[in-house]
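In: My questions concern the predicted model and sequence given below.
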Amino acid sequence: MPITLRDGTYFGTLCALDFLPVNFSDDVLENFYLFADLIAFELTADKQLRQREAELREAERIGELREKLFGILGHDLRNPLSTIKIATLLFPKNEQNEKVVGKIINSANRMERMIKDLLDLTRTRLGGGIPIERKLVDLKVVFSQSVEEFAAANPLTRFEFSAEGDFTGEWDADRLAQIASNLIGNAVDYGAPDTPIRIILRGDETNATVSVQNYGEPIPPEQLENLFNPYRRAIVSGHKSSSKSLGLGLYIVQQIAAAHKGQIAVTSNAADGTVFTITLPRR
């Protein structure tokens with residue numbers, strides 16, 4: 001009985017030897033067909049398993065190399081970037097130089113954020129997690145400062161900020177500023193023109209909750225479950241993905257929330273827009 005693998009490859013022949021003549025019935029032949037098919041199935045499964053194990057080992061090797069490379073780049077790029085920012089202080093003060101210096105500083109700050117995201121990604125992938133330093137922090141102050149910065153940089157965008165309750169807790173102020181910057185920046189990038197960006201804070205006895213809402217095109221439902229994975233950006237109709245980031249912002253936000261024992265959720269639809277909501281325990 002020929003043994004043919006699932007891809008059509010001929011493997012060999014199943015032979016049964018008996019010293020005595022045998023009269024074959026249809027049932028006996030059917031059993032031989034099934035036995036040969038079972039052997040072919042097992043051989044194919046074994047081949048596929050070995051192939052997948054090899055692919056997984058290669059993917060893990062490439063992943064480790066990539067994380068190490070990101071870590072090295074992140075550390076080594078910081079010094080020359082700092083030198084560039086310091087060098088801008090040496091420009092003579094005049095109107096033309098101020099425009100050039102402003103562009104240089106903005107680009108350097110964007111590169112600095114990318115480097116920080118890469119270092120955070122490396123820490124999380126190598127098992128270290130996002131490091132946090134807990135101190136008594138007022139969440140309202142952190143987010144209001146971020147809103148002011150984005151409002152100054154985006155004068156045509158309307159920001160609506162509201163806060164109700166108590167917003168003091170034991171958190172990492174710098175990491176919370178990262179959350180604010182990433183979520184508000186994301187809302188600015190994807191929000192529709194002439195619609196507000198809403199930042200709503202609510203505080204109760206145990207938790208503080210922050211919601212950031214924009215009214216851009218909804219994120220397709222099939223993208224929501226992978227939105228917090230690294231290198232992922234939402235792809236929505238009529239909007240080009242931003243090339244100013246690495247697609248790590250939402251991943252970093254999720255990791256910072258997790259480091260504070262908090263959670264992040266997202267909803268997106270035509271009626272309510274896109275809303276990112278973070279819940280942080282006070283202690």
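Out: Everything's here; your move. Predicted, not measured: the structure shown is a model, and the values here were computed from it. Numbers count the residues shown, from 1 in each chain.

In: What distance do you get for the nearest residue to Leu77 once chain neighbours are set aside to Phe228?
Out: Of all residues not flanking Leu77 in the chain, Ile115 sits nearest, at 5.5 Å (Cβ to Cβ, 6 or more residues apart in numbering). All C-beta spots, glycine's among them, are computed from the backbone N, C-alpha and C. Distance of Ile115 to Phe228, computed by Cβ to Cβ, to the nearest Å: 21 Å.

In: related to what we said a few turns ago, how many neighbouring residues does the residue nearest to Leu77 have?
Out: By the measure other Cβ atoms under 10 Å, the count of residues near Ile115 is 19.

In: Can you tell me the SS state at it?
Out: At Ile115 the chain is in helix, as set by DSSP: H, G, I helix; E, B strand; the rest coil.

In: So which elements touch the longest helix along the chain?
Out: Longest helix of the chain, by residue count under DSSP state H: helix 26-87. With contacts defined as 3 or more Cβ pairs under 8 Å, 6 or more residues apart in numbering; DSSP states H and E, the packing partners of helix 26-87 are strand 2-4, strand 10-13, helix 95-125.

In: what lines up beside the shortest one in the sheet?
Out: Strands that pair with strand 2-4, judged by DSSP bridges, come out as strand 10-13 (antiparallel).

In: chain center to the lowest-mean-pLDDT helix or strand in the chain: distance?
Out: Least confident helix or strand, the chain: helix 95-125 with a mean of 74, by mean pLDDT, DSSP states H and E. In this view, helix 95-125 has its centroid 19 Å away from the chain centroid, taken as Cα atoms, centre = their mean, to the nearest Å.

In: likewise stretch 193-202?
Out: Worked out by Cα atoms, centre = their mean, stretch 193-202 lies 23 Å from the chain centre.

In: Could I have the CA atoms of it written out in PDB?
Out: Provided in PDB are the C-alpha atoms of stretch 193-202 (Å, rounded to 0.1, in the frame of the first residue of the first chain):
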ATOM      1  CA  PRO A 193     -10.400  68.400  13.000                       C
ATOM      2  CA  ASP A 194     -12.800  70.700  14.800                       C
ATOM      3  CA  THR A 195     -13.500  68.100  17.500                       C
ATOM      4  CA  PRO A 196     -12.300  68.300  21.100                       C
ATOM      5  CA  ILE A 197      -9.900  66.100  23.000                       C
ATOM      6  CA  ARG A 198     -11.400  65.200  26.300                       C
ATOM      7  CA  ILE A 199      -9.400  64.300  29.400                       C
ATOM      8  CA  ILE A 200     -11.500  63.200  32.300                       C
ATOM      9  CA  LEU A 201     -10.200  62.300  35.700                       C
ATOM     10  CA  ARG A 202     -12.300  60.600  38.400                       C
END
